[in-house]
Structures are given as structure tokens and as C-alpha cells.
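J.: Everything below, folded, please.
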Amino acid sequence: MIWNVQGAGNKLAAIKELVRINDPTMLALVETHLSGEQAQKVCDRIGFSGQTRVDAQGFSGGIWLFWKNDEIEVTVLDNHSRHITVEIARRGEEPWVFSAIYANPDLTLRKDLWREMENLKNSINGPWLLGGDFNDTLHMSERSGAGGSEMIRRCQEFSSWADDMQLIDLACSGPEHT
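T.: Alright, predicted model coming up:
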């Protein structure tokens, strides 16, 4: 389960309710806007036995991963300001790789993340799932409001990158344009 916590009223209560209803083995939260001791206090109250995080920088970003140690083994492969990449193994099954993403709204910094993902891809053998907030869309139909030539160019560029990476869009469930 991946959830962008931006704009949630009572964030901790909302997160705990999502966990109660969905009972995920792993939970990724992006754009948490928290860091340091305050972030750790919230993380400790969410109730998972395993966790790692990248703190927000100022009020931007933040990525938190939680998992149930009794169900999966998680090994952190890369911990960066814009992604956390882990290997996940369930007992008796082949491991796979997951990257929780929070891309910077700044295009130059987003492209830095894209290059880092390209480099990371070369070191991954087997299944790899990327999820989170890419701060871009593959298609104009995924955007709300008018989109000029700049937005069309951005969609084409991101779509081209995703194609080059051989990524498959698994789509989103829930409200559009979140």
C-alpha cells in the first residue's frame, strides 16, 4: 500500500485507520513533510515491527517504509532523499525489489532521480516495482485543468523515460488527480 499523506487532516489517525482496514504487510508513505524526532514519534506509533525512512527536507518530501518482520524480510539497498529501494523476501519465495519514490517538483531534480533509477536498474536482477509520487504523468488525461504545450512536452518526456526503462503502468486506484 502506498499513500501520499499530504493534506490528510489528522494524519496519524488516518494512517492507523488505513492500516486497520487493509492490514498491509508493507506500507509506504511519501511526502510526509516530517523529519527528525517528530517523524520518529509518528513512525513508532504506526505499529509496524520494521521501518526505515528518509526525512523531509524542510517541508518538502519525506518517505517512510514500514513492514511486518514476521511476514517478510526487508533489506535496504539504497536510501536517498527521493527514493528508498529495498529487497523484499517472503520465506520460501524469490526476492523482489521495491522503490518508494518521491520526485522533486523541480524538473532538473526530477531528471536526476530518473538517471539514478536508470543506474539502479542495471544492478537489479528480477522483478522491480516503483511506486509513489513521480510529480509527473504519463498522459495528459491524468492531469486536471488545462495543459499547454509545456505540460504536453512533460508528459511525453516522462512517458518516453518510462518506456526506455521498460516500466509497465499498473494504474492507480482511488480518486483521480490525487
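J.: Enumerate the positions of stretch 109-122 that are buried.
T.: The neighbour-count check on stretch 109-122 (16 or more other C-beta atoms under 10 Å) flags 110, 113-114, 116-117, 120-121 as buried. C-beta: built from backbone N, CA, C; applies to glycine.
J.: what residues does that stretch touch?
T.: 78, 80, 82-83, 85, 99, 101, 103-104, 128, 130, 134-136, 161, 164-165 (C-beta atoms under 8 Å, 6 or more residues apart in numbering).
J.: the helices in the chain, which residues?
T.: 11-22, 36-46, 107-121, 149-164 (DSSP state H).
J.: Go through those and name the closest to Gly61.
T.: Comparison of those against Gly61 by C-beta to C-beta identifies helix 107-121 as nearest, at 10.4 Å.
J.: Next, the angle from that closest one to helix 149-164.
T.: Counting by axes from the mean of the first three to the mean of the last three C-alpha atoms, to 10 degrees, helix 107-121 lies at 10 degrees to helix 149-164.
J.: got the CA positions of helix 107-121 in CSV?
T.: Only the C-alpha atoms of helix 107-121 are listed here, as CSV (Å, rounded to 0.1, in the frame of the first residue of the first chain):
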residue,chain,number,x,y,z
LEU,A,107,12.3,19.3,-13.4
THR,A,108,16.1,19.3,-13.1
LEU,A,109,16.0,17.4,-9.8
ARG,A,110,13.3,15.0,-11.2
LYS,A,111,15.6,14.2,-14.1
ASP,A,112,18.4,13.5,-11.6
LEU,A,113,16.1,10.9,-10.0
TRP,A,114,15.4,9.4,-13.4
ARG,A,115,19.1,9.0,-14.1
GLU,A,116,19.6,7.4,-10.7
MET,A,117,16.7,4.9,-11.4
GLU,A,118,18.4,4.1,-14.7
ASN,A,119,21.7,3.4,-13.0
LEU,A,120,19.9,1.3,-10.3
LYS,A,121,18.1,-0.7,-12.9
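J.: Roughly how far does the closest residue to Leu77 other than its chain neighbours sit from Glu93?
T.: Leaving out its chain neighbours, the residue that sits closest to Leu77 by C-beta to C-beta, 6 or more residues apart in numbering is Thr85, at 4.7 Å. As judged by C-beta to C-beta, to the nearest Å, Thr85 and Glu93 stand 19 Å apart.
J.: Also Arg20?
T.: From Arg20 to Glu93 the distance is 26 Å (C-beta to C-beta).
J.: Report the helix or strand with the lowest average pLDDT across this structure.
T.: Lowest on mean pLDDT, DSSP states H and E among the helices and strands of the chain sits strand 2-4, with a mean of 51.
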